[in-house]
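> got a predicted model here, sequence first, then my questions.
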Amino acid sequence: MSVNRCMYLFSRLQRQISTRTGRMSSGLTEDRVCHVSAGSSLLLKHSRAVSSVCSRSISSNSSSPNPPDTSLFIPVTLKTDSSEDGSVGMELTQPLEKSELLKVLNRFYKKKEMQKLAADNGLDARLFHQAFISFRKYILEVTSLPADLHIILNDICCGAGHIDDIYPYFMRHAKHIFPMLDCMDDLRKISDLRVPANWYPEARAIQRKVIFHAGPTNSGKTYHAIQRYLAAKSGVYCGPLKLLAHEIFEKSNGAGVPCDLVTGEERVFMDSEGRAAGHVACTIEMCSVTTPYEVAVIDEIQMIRDPGRGWAWTRALLGLCAEEIHVCGETAAIEFIRELMYTTGEEVEVHTYQRLTPFSVLDHAVESLDNLRPGDCIVCFSKNDIYSISRQIEARGLQCAVIYGSLPPGTKLTQAKKFNDPDDPCKILVATDAIGMGLNLSIKRIIFNSLVKPNINEKGEKQMETISTSQALQISGRAGRFSSKFKEGEVTTMHRDDLPVLKEILSHTVEPIETAGLHPTAEQIEMFAYHLPDATLSNLIDIFVSLSQVDGMYFVCNIDDFKFLADMIQHIPLNLRSRYVFCTAPINKKQPFVCTSFLKFARQFSRDEPLTFHWICRHVSWPLAPPKNIKDLVHLEAVHDVLDLYLWLSYRFMDMFPDTTSVREIQQELDDIIQQGVRNITHLIRATDTTTIDPLQTQNNRHNPAVSNSGITASNRGQRGQRASGQMMDSSLASRLVRDGLLTPDLLQQLQREWSKEQKQELTYQSTLNTEPHSNNDKGKRKKKKK
């Protein structure tokens, strides 16, 4: 047994001794512990390595649960029909006067003793008030009260009973409208996420060996892990992107090792009869935690702390049933992975790698697109900047490739191939940080056009932040890759004042990873729903998260996207499991057409009507023409996402989404159409400028002749690193509203027509002022006309 394993078992034994022998004297306990630990000084040395894990675990397990967020408790509406007792209470006593009842109930509400007693039973001030409002409404509006309640109220009104006698009936009503009050302990147990390793009994039943391949970008860490993967009898590769899964799939089959491909939207089996191969390459969300493998590779392990997707890396690391788990990622994750594996009693062997080719930060910024060289890659953090810069580059007689996140994978690969081809005249790449993973690119120099990008914080809020050291290194590392023709990389910025900021960012060490993401499973939500059958899925998730308990090593991932979809289809009748699956679909909620399609898919599914190939063709208006402007290109990208959604759902509901093959064929055709549009992106931008001119920008240009014809405005230096360079369409408020889905193109055109009409009226008015005498009557008429 290894020292690490021994020390972990010893720490667990020590905790058990301390909790089970509380009745024994402290001196005796200390003697025993000292006797055990004195056996080896090496154990004392290694005890420091596990002390942080033990302290986190002990503190989290001993701490009292957090009080629930009662603002999430939505009262159930009760029917005010007559009770089963009929009018028995009225016959035994007399009819109740509502005015007297109201006085009695208000006296009950104001009694501090009742409020305190209710608080002891789970009704805080908020719930007490809501429960009382519902109770009062029920008593005053119901046709006939239950006999026992009617008699009690009658006795109180007649002075024969006490006001406190109402309390049991009030609490009975409160538990009807807030059913969670009766099952709070059960709900807490279901939402207890403190020991996620126990969710995977198959993995805990075997002794796994964890090998951490640590190093920066382009250090060969993944290469060494893949070599072991290819040599194994069976294996699984888990990557963050479809492109990476495709790359390993092709590399494995090219090496003579049969390998299947599994992504959210695609299944490719090498066996003609559909039997599973020994090896599989998949996106990390799709990995199986029940299939046994000899070797598993988990790529980009640092994403375990990702606010949205971190749960997938946690699940893979804790749950994969493999003899060897090869983990690849940044050195900042080493200590955390060690801590995490101590909780499962598994060793971690670390292999450290250095970058194969160096890259250096230049002492000067590019400052002008005239200074671009072959092999340059300009990194932007918005599509608008990509459109603007690509047009300006081609206006200088240069060709450029374009890569951004919402492009289909096939289009990204085609653009990457175009840029890498030494015989192709395209020597410049304009891209977002999508190039940070999944694409092999022959880049000499990385040029940051901006150092600020939109991020989603822990609360799910969008905010602009300067890029982190980890992000800067990930992008910079694409320069001078080992397999490219450039053996040394260079990194700089477009703007002079950004360069010292970039140097400062890169001089820092990457912040160590301290937590891993978790996400409630479908089974946990189903158990929650059993206790709260009337709650919506969005409300179930909210209550689950508010009651959940995690120790210091974990956090609950952001669930805003899940809740967004849950609220969107709440009115559609679906069973809970189907509703949950629909809400886990990976869609771009910024695209109105994608959201509309999602809603139609769910509605059609709820009617038990299969979504056939002809149905989907009608929905997306297939066949589609090549794009004529940027708006058309964005729509085609949205259609591609809709087809992706169909394929994703088809592997979860095969009978309802039956035409996978036909949909995949038209998606490939659509990919070709989008590629054609991206190749001519500057023409699309030019066409967009002529068809959609922002009236606000037009007015500014009319009053400010200094603005150049190319649409380049002065850079905004108010926020460090952020730039507003671009054309009129790209940087305008109107275009941002359209892009964010807050304004439709049709509505924008209507506003433009109204703006144009107002401008004509203003010009007419100004000319009238210059030609007519300024009499009071004329002024009055003009004012009335202007109104």
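Received it, and whenever you're ready, just let me know what you need.

> please enumerate the strands of the stretch 101-250 of the chain.
Assigned strands in the stretch 101-250 of the chain, in chain order: 209-214, 235-239 (criterion: DSSP state E, counting those that start in this stretch).

> buried sites along the first one?
In this case it means strand 209-214. By neighbour count on 16 or more other CB atoms under 10 Å, the buried set for strand 209-214 is Val210, Ile211, Phe212, His213, Ala214. For glycine as for every other residue, the C-beta is placed from the backbone atoms N, C-alpha and C.

> packing partners of that strand?
helix 221-231, strand 321-329, helix 334-342, strand 348-352 (3 or more CB pairs under 8 Å, 6 or more residues apart in numbering; DSSP states H and E).

> need the residues that contact the longest one.
Spelled out, it's helix 221-231. 211, 213-215, 235, 237, 248, 251-252, 255, 257, 279, 295, 297, 299, 324, 326, 328-329, 351, 353 (CB atoms under 8 Å, 6 or more residues apart in numbering).

> recalculate using a threshold of 7 Å.
Contact partners of helix 221-231, identified using CB atoms under 7 Å, 6 or more residues apart in numbering, comprise 213-215, 235, 237, 248, 252, 255, 257, 295, 297, 299, 326, 328, 351, 353.

> out of the helices and strands packed on strand 209-214, deepest packed?
With neighbours taken as mean count of other CB atoms under 10 Å, the helices and strands packed on strand 209-214 reach their highest mean count in strand 321-329, at a mean of 24.

> distance between that strand and the chain's centre?
The chain centre lies 25 Å from the centre of strand 321-329; the measure is CA atoms, centre = their mean, to the nearest Å.

> and that strand with strand 209-214, angle?
Here strand 321-329 runs at an angle of 10 degrees relative to strand 209-214 (axes from the mean of the first three to the mean of the last three CA atoms, to 10 degrees).

> specify the angle between strand 321-329 and strand 348-352 in degrees.
Using the same axes, to 10 degrees: strand 321-329 against strand 348-352 is 30 degrees.

> kindly format the C-alpha coordinates of strand 321-329 as CSV.
C-alpha atoms of strand 321-329 as CSV (Å, rounded to 0.1, in the frame of the first residue of the first chain):
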residue,chain,number,x,y,z
CYS,A,321,-14.6,3.1,-14.8
ALA,A,322,-11.0,2.8,-16.1
GLU,A,323,-7.9,1.2,-14.7
GLU,A,324,-5.9,4.3,-15.7
ILE,A,325,-7.2,7.9,-15.8
HIS,A,326,-5.0,10.2,-17.8
VAL,A,327,-5.7,13.8,-17.0
CYS,A,328,-4.3,16.6,-19.2
GLY,A,329,-4.3,20.3,-18.3
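
> what's that strand packed up against?
strand 209-214, helix 221-231, strand 292-298 (3 or more CB pairs under 7 Å, 6 or more residues apart in numbering; DSSP states H and E).

> next, the angle helix 221-231 makes with that strand.
160 degrees.

> list the contacts of strand 321-329.
202-203, 206, 208-214, 221-222, 225, 228, 289-302, 337.

> surely Ser476 touches Val491?
Yes. Assessed by CB atoms under 7 Å, Ser476 is found in contact with Val491 at 4.5 Å.

> okay, and the common contacts of those two?
With CB under 7 Å, 6+ apart as the test, Ser476 and Val491 both reach Phe359, Ile446.

> tell me, what residue is most central in the chain?
In the chain, the centroid-proximal residue (CA atoms, centre = their mean) is Gly308; its distance is 3.5 Å.

> look at it and give its secondary structure.
coil (DSSP: H, G, I helix; E, B strand; the rest coil).

> same check, this time on Met656
coil.

> over to Asp385?
Asp385 ends up helix, using three-state DSSP.

> neighbours around it, how many?
Neighbourhood size, Asp385 [other CB atoms under 10 Å]: 24.

> ok, now the one 5 residues further on?
When counting by other CB under 10 Å, one arrives at 24 neighbours for Ser390.

> which residues does it contact?
By CB under 7 Å, 6+ apart, the contact set of Ser390 is Cys400, Val402, Val430, Ile681, Thr682.

> and the helices in the stretch 101-250 of the chain?
Taking DSSP state H, counting those that start in this stretch to define them, one finds helices in the stretch 101-250 of the chain at 112-120, 125-141, 147-157, 167-177, 184-190, 201-204, 221-231, 242-254.

> out of those, flag the one nearest Ile569.
Nearest to Ile569 among those is helix 184-190; the distance by CB to CB comes to 23.7 Å.

> which other residues reach that closest one?
Contacts of helix 184-190 (CB under 7 Å, 6+ apart): Pro65, Gly122, Met180, Gln524, Met527, Phe528, His531, Leu547.

> swap the cut-off to 6 Å and go again
The contact list for helix 184-190 (CB atoms under 6 Å, 6 or more residues apart in numbering) reads Pro65, Gln524, Met527, Phe528, His531, Leu547.

> which of the residues you listed sit farthest apart?
The most widely separated members of the contacts of helix 184-190, counting by CB to CB, are Pro65 and Met527 (17.4 Å).

> compare these two (neighbour count), which wins?
More neighbours surround Met527 than the other of Pro65 and Met527, with 16 against 13 (other CB under 10 Å).

> nearest residue to the more buried one in space, please, no chain neighbours.
Nearest residue to Met527, sequence neighbours excluded (CB to CB, 6 or more residues apart in numbering): Ile190, at 4.9 Å.

> cool, and Gly477?
Thr217 (2.7 Å).

> re earlier: turn the strands of the stretch 101-250 of the chain into a markdown table, columns for mean pLDDT and distance to Tyr167.
Below are these laid out as a markdown table (pLDDT from 0 to 100; distance: least, CB to CB, whole Å):
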| stretch | mean pLDDT | distance to Tyr167 |
| --- | --- | --- |
| strand 209-214 | 96 | 57 |
| strand 235-239 | 96 | 56 |
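
> poorly predicted segments of the stretch 251-400 of the chain, please.
Within the stretch 251-400 of the chain, not a single segment meets pLDDT under 70.

> re earlier: just the contacts of helix 184-190 now: which is nearest Ala395?
Looking across these and measuring by CB to CB, the closest to Ala395 is Gln524, at 55.9 Å.

> chain center to the host helix or strand of Gln675: distance?
Assessed by DSSP states H and E, Gln675 sits inside helix 660-679. The chain centroid and the centroid of helix 660-679 are separated by 26 Å under CA atoms, centre = their mean.

> give me the residues contacting it.
Counting by CB under 6 Å, 6+ apart, 402, 408, 410-411, 414, 613, 622, 626-627, 633, 636, 640, 643, 646, 650 sit against helix 660-679.

> try it again with 8 Å
266, 402, 407-408, 410-411, 414-415, 613, 616-617, 622-624, 626-627, 632-633, 636-637, 639-640, 643-644, 646-647, 650-651, 684.

> with stretch 248-262 instead?
226, 229-230, 237, 239, 245-246, 267-271, 276-283, 286.

> give me the buried entries from the residues you listed.
Of the contacts of stretch 248-262, these count as buried by 16+ other CB under 10 Å: 226, 229-230, 237, 239, 245-246, 267, 269-270, 277, 279-283, 286.

> let me see the confidence value for Phe482.
Looking at Phe482, its pLDDT reads 69.

> wait, Leu243 touches Gly410, no?
No. Using CB atoms under 8 Å, Leu243 is not in contact with Gly410; the gap is 9.9 Å.

> residues touching Ser476, list them.
Thr217, Phe359, Val361, Ile446, Gly489, Val491, Leu506.

> I'd like to know which of the residues you listed is nearest to Ser388.
Looking across those and measuring by CB to CB, the closest to Ser388 is Ile446, at 18.7 Å.

> and the closest one, what are its bridge partners?
Cys377, Val491 (DSSP bridges).

> for it, give its distance to Met464.
21 Å (CB to CB, to the nearest Å).

> for Pro146, same thing?
59 Å.

> neighbour count for these two, which is higher?
Shown here are Pro146 and Met464; by other CB under 10 Å, Pro146 has more neighbours (18 against 13).
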